[in-house]
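Colleague: Sequence and predicted model, in that order:
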Amino acid sequence: MKTLTLDVEGSLSGKGQTLILHGDGVQTIRVLTEISAPVEDPKTLDGPLCNVIFHAMRHCSKLKVKGPISEKLFRNIALFQEAWHCYCPDDYQFVDIEAADVIPSENFSMTPHNKNAIQTFSGGVDSIFTLFRHPGAIDSGSAETTRSALLVHGFDVPLSNQTDFDNLRKRIEKITDSADVALHVVRTSLRESLPTNWNHSHGAALASVLHLYSQSSRVGRIAGSDPYNYVSFVPHPWGSSPATDYLTSGDEMEIVHDGAGYSRPQKVAFLADRWPEALRLAQFCWRGKDRSANCGNCDKCVQTRLSLLAAGHGENIIFGSQLEPKMIDRLKFNEETLGDILPLLDLARANGCDAPWVHRIAEQVSPFLPVMYKSNRSIGRSIRYFKAAFRELMPR
């Protein structure tokens, strides 16, 4: 296995920075990052290290960092590698990290910015929910207030698609402006220049761009997707989770996986009650041709429709059309989607929703329960709860 070297050129106080990954006998990789407004440069390369860790775990045995990293990230990144080697032992190997300097944790002094927080913001349900609750009616008790949000061009929307990104940004600015939260924009070639399995690496990528703002915000929030009680239903490793996101924290910035105490259907219901104006602007569909709008027909759109109906709301909060039975028939029912479907049925039960679509979905889900029970004991415990809660909905 090779030795790679990580270096960074440029400054965030100017136009941006270029991450350079090079080594003997390998092609040099450059990742360009531009920011919408200058910021003070971080004192460490914690962010760039998060940026390249998945590539390093696949392609080298040693990574030399031409700059300092914080002691906390130095410890955490070792545990992060252990987690992903455990998830995918054939894909990711442990990498020896050699930094120019490891700055002790006690050398990072407390400053006024320690009470500030910044969150990644895609304009979807999860990120809107996180924005609302810090601070908000269901605030987690954190002392940090979300003072800014971060939209990335080059992650969900390709760099080549400027039109859809501009339209998405206009939608998002309406949400952040109404919350009196500053919106920052980062443009990065990470996905194009450093290809990885995005399902695995997106959490570390989000952490890497949050670290760019470590001199103005102490906390970086990543809006979670799967709730704690259904994480075990996800049969494949997912890049952003409460199990690994915090391991991308360093001494300059704490990375927090936020909102995992609530399922996505619960978040939809909450926002429909408390902040329907923002929910109306939510953009969560990546299947349609227009990457700045919701197609209304894909799995995620249909599940959002059903979440609104399960909570007693009309679909017209978001969609201009009504649910059709064929939309449910197009939903994918398998072991991989069970973690999305069961929270939807939970919400319907909690709200006393007994519509025909609830029974229709319960019938579609039931054949998968015995198989999953046999394959995973922890899943089996959750399935026993599910079957007891929905006994009246299950086929006799």
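Modeller: Perfect, thanks for sending it.
Colleague: The one helix or strand residue 163 maps to packs against which elements?
Modeller: According to DSSP states H and E, residue 163 maps onto helix 162-178. If you count contacts as 3 or more C-beta pairs under 8 Å, 6 or more residues apart in numbering; DSSP states H and E, helix 162-178 packs onto helix 125-132, strand 145-153, strand 182-188, helix 276-280. All C-beta atoms are positioned from the backbone trio N, CA, C, and that covers glycine.
Colleague: most neighbours per residue, which of these?
Modeller: Ranked by mean neighbour count, the helices and strands packed on helix 162-178 are led by helix 125-132 with a mean of 25 (mean count of other C-beta atoms under 10 Å).
Colleague: So which of the helices and strands packed on helix 162-178 is nearest residue 95?
Modeller: With distances scored as C-beta to C-beta, the stretch of those nearest to residue 95 is strand 182-188 (22.0 Å).
Colleague: got the angle between the closest one and helix 162-178?
Modeller: Strand 182-188 and helix 162-178 are oriented at 160 degrees to each other (axes from the mean of the first three to the mean of the last three C-alpha atoms, to 10 degrees).
Colleague: Convert strand 182-188 to CSV, retaining C-alpha atoms only.
Modeller: Provided in CSV are the C-alpha atoms of strand 182-188 (Å, rounded to 0.1, in the frame of the first residue of the first chain):
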residue,chain,number,x,y,z
ALA,A,182,-27.2,33.8,7.8
LEU,A,183,-26.8,31.5,4.9
HIS,A,184,-23.2,30.6,3.7
VAL,A,185,-22.5,28.8,0.4
VAL,A,186,-19.6,26.5,-0.3
ARG,A,187,-18.7,25.4,-3.7
THR,A,188,-16.5,22.2,-3.8
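Colleague: Can you name the element that comes right after it?
Modeller: Counting by DSSP H and E, the element after strand 182-188 in chain order, helix or strand, is helix 190-193.
Colleague: Give me the buried positions along that next one.
Modeller: The neighbour-count check on helix 190-193 (16 or more other C-beta atoms under 10 Å) flags 190, 191 as buried.
Colleague: Run through the neighbouring helices and strands of it.
Modeller: Helices and strands touching helix 190-193, by 3+ C-beta pairs under 8 Å, 6+ apart, are strand 29-35, helix 198-210.
Colleague: 6 Å instead?
Modeller: Counting contacts by 3 or more C-beta pairs under 6 Å, 6 or more residues apart in numbering; DSSP states H and E, helix 190-193 packs against strand 29-35.
Colleague: Tell me the strands beside the strand it packs on, with direction?
Modeller: Note on strand 29-35: by DSSP bridges, its sheet partners are strand 16-22 (antiparallel), strand 182-188 (antiparallel).
Colleague: Tabulate those (JSON lines), appending distance to residue 88 and mean pLDDT.
Modeller: Listed next are the strands paired with strand 29-35 as JSON lines, based on distance: least, C-beta to C-beta, whole Å; pLDDT from 0 to 100:
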{"stretch": "strand 16-22", "distance to residue 88": "21", "mean pLDDT": "96"}
{"stretch": "strand 182-188", "distance to residue 88": "24", "mean pLDDT": "96"}
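Colleague: so how far is the helix holding residue 163 off the chain centroid?
Modeller: Here helix 162-178 is found 19 Å from its chain centre; the criterion is C-alpha atoms, centre = their mean, to the nearest Å.
Colleague: Name the residues that touch that helix?
Modeller: For helix 162-178, the surrounding residues in contact (C-beta atoms under 6 Å, 6 or more residues apart in numbering) are 123, 149, 151, 153, 157, 183, 278, 281, 283, 291, 292.
Colleague: And for residue 337, the neighbour number?
Modeller: Residue 337: 18 surrounding residues under other C-beta atoms under 10 Å.
Colleague: Identify the residues contacting the closest residue to residue 21 other than its chain neighbours.
Modeller: The spatial neighbour of residue 21 that comes closest, neighbours along the chain excluded (C-beta to C-beta, 6 or more residues apart in numbering), is residue 29 at 4.4 Å. Going by C-beta under 6 Å, 6+ apart, residue 29 touches 21, 193, 194.
Colleague: isn't the second one right up against residue 31?
Modeller: Yes: Residue 193 is in contact with residue 31 according to C-beta atoms under 6 Å; the separation is 4.7 Å.
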